[in-house]
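Trainee: got a predicted structure here, sequence first:
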Amino acid sequence: DSGVTQTPKHLITATGQRVTLRCSPRSGDLSVYWYQQSLDQGLQFLIQYYNGEERAKGNILERFSAQQFPDLHSELNLSSLELGDSALYFCASSVDEGSSTDTQYFGPGTRLTVL
Amino acid sequence: AQSVTQLGSHVSVSEGALVLLRCNYSSSVPPYLFWYVQYPNQGLQLLLKYTTGATLVKGINGFEAEFKKSETSFHLTKPSAHMSDAAEYFCAVSDKGYSTLTFGKGTMLLVSP
């Protein structure tokens, strides 16, 4: 158990809908990262927040957005969902703001299925 | 831009045999390198990482990896495979300025009795 929690574990929805994925980082960690894992794209970095502020952006679609709240939990919002958005979404957390020596701890993931 | 190539989407070994999972990277700056393992229906767990210093890095569960700058490689090895090692392994790279990770496609390790 990494100490990172994600809810829900599974999510099934229809095309065009909007969903929110939630992540609680490990106690004391200030950074939260979101990743998408799909069969065709592999594991891709989406976005990082540090202490409430956006820190780095990866291959995140405009239909997706995220935020980190004062209690440091984070939410990833996915809207106008398409079949291709079906994937496993991981959250990771780390202590630091972006040092490459900082270790990221991954949550168990949320499996999103878009029908 | 950084990239990671993992040779072989699947590697099969017998229990007790040497495990070798290959990872090559490209980076415009000296990289930080990582190996993560993903067990079925679970998140990723850090096995080991190279940042600076000794190029041979020891990790958990008996795994180790060696950073070879001249070969731009960071192969993962374990002298003797165990059934519990069956999982998917990901190599990842980040540059010095950021902790965002670029992952390889992953290698599924299959261990037969």
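Mentor: Right, received. Where do you want to start? Numbering: from 1, shown residues only, chains lettered A, B, ... in the order given.
Trainee: is stretch A:15-32 positioned near chain B?
Mentor: Yes: if you take CB under 8 Å from any CB of the partner chain as the test, stretch A:15-32 does meet chain B, through residue A:31. Where C-beta positions appear, they are placed from N, C-alpha and C, glycine not excepted.
Trainee: and that stretch, what's buried?
Mentor: By neighbour count on 16 or more other CB atoms under 10 Å in any protein chain shown, the buried set for stretch A:15-32 is A:19, A:21, A:23, A:24, A:25, A:26, A:29, A:30, A:31, A:32.
Trainee: pLDDT on that stretch, on average?
Mentor: Predicted confidence along stretch A:15-32 averages 96 (mean pLDDT).
Trainee: between the two ends of it, what distance do you get?
Mentor: The straight-line separation of the ends of stretch A:15-32 (CA to CA, to the nearest Å) is 27 Å.
Trainee: from the buried residues of stretch A:15-32, which two are the most distant?
Mentor: A:19 and A:30 (25.6 Å; CB to CB).
Trainee: ok so, going back, nearest to residue B:84, of the buried residues of stretch A:15-32?
Mentor: residue A:26 (24.8 Å).
Trainee: is it true that that closest one touches residue A:32?
Mentor: No: the pair residue A:26 and residue A:32 fails to qualify as a contact (CB atoms under 8 Å) at a distance of 9.9 Å.
Trainee: which neighbours do the two have in common?
Mentor: Taking CB atoms under 8 Å, 6 or more residues apart in numbering or on different chains as the criterion, residue A:26 and residue A:32 both touch residue A:93.
Trainee: give me the most central residue, the chain.
Mentor: In the absence of a named chain, this looks at chain A. residue A:34 (2.9 Å; CA atoms, centre = their mean).
Trainee: nope, chain B please
Mentor: residue B:35 (3.6 Å).
Trainee: for the record, mean pLDDT for the helix or strand that one falls within?
Mentor: Assessed by DSSP states H and E, residue B:35 sits inside strand B:32-38. The average of the pLDDT scores along strand B:32-38 is 93.
Trainee: near chain A at all, the helix or strand bottoming out on mean pLDDT in chain B?
Mentor: Every helix and strand in chain B was compared by mean pLDDT, DSSP states H and E; the lowest is strand B:102-103, with a mean of 90. Yes: Strand B:102-103 comes into contact with chain A (CB under 8 Å from any CB), by way of B:102, B:103.
Trainee: parallel or antiparallel, list what pairs with that strand.
Mentor: strand B:87-94 (antiparallel) (DSSP bridges).
Trainee: got the contact list for the strand it pairs with?
Mentor: Against strand B:87-94 from outside (CB under 8 Å, 6+ apart): A:43, A:100, B:2-4, B:6, B:21, B:23, B:25, B:27, B:31-40, B:44, B:47, B:74, B:76, B:100-104, B:106-109.
Trainee: for it, buried residues please.
Mentor: B:87, B:88, B:89, B:90, B:91, B:92, B:93, B:94.
Trainee: please apply the same query to stretch B:18-36.
Mentor: Buried residues in stretch B:18-36 (16+ other CB under 10 Å): B:19, B:21-25, B:27, B:31-36.
Trainee: related to what we said a few turns ago, mind listing what the residue nearest to the centre of chain B touches?
Mentor: B:21, B:23, B:46-49, B:59, B:63, B:65, B:74, B:76, B:89-92.
Trainee: then residue B:77?
Mentor: B:18, B:19, B:20, B:21, B:63, B:64, B:65, B:66.
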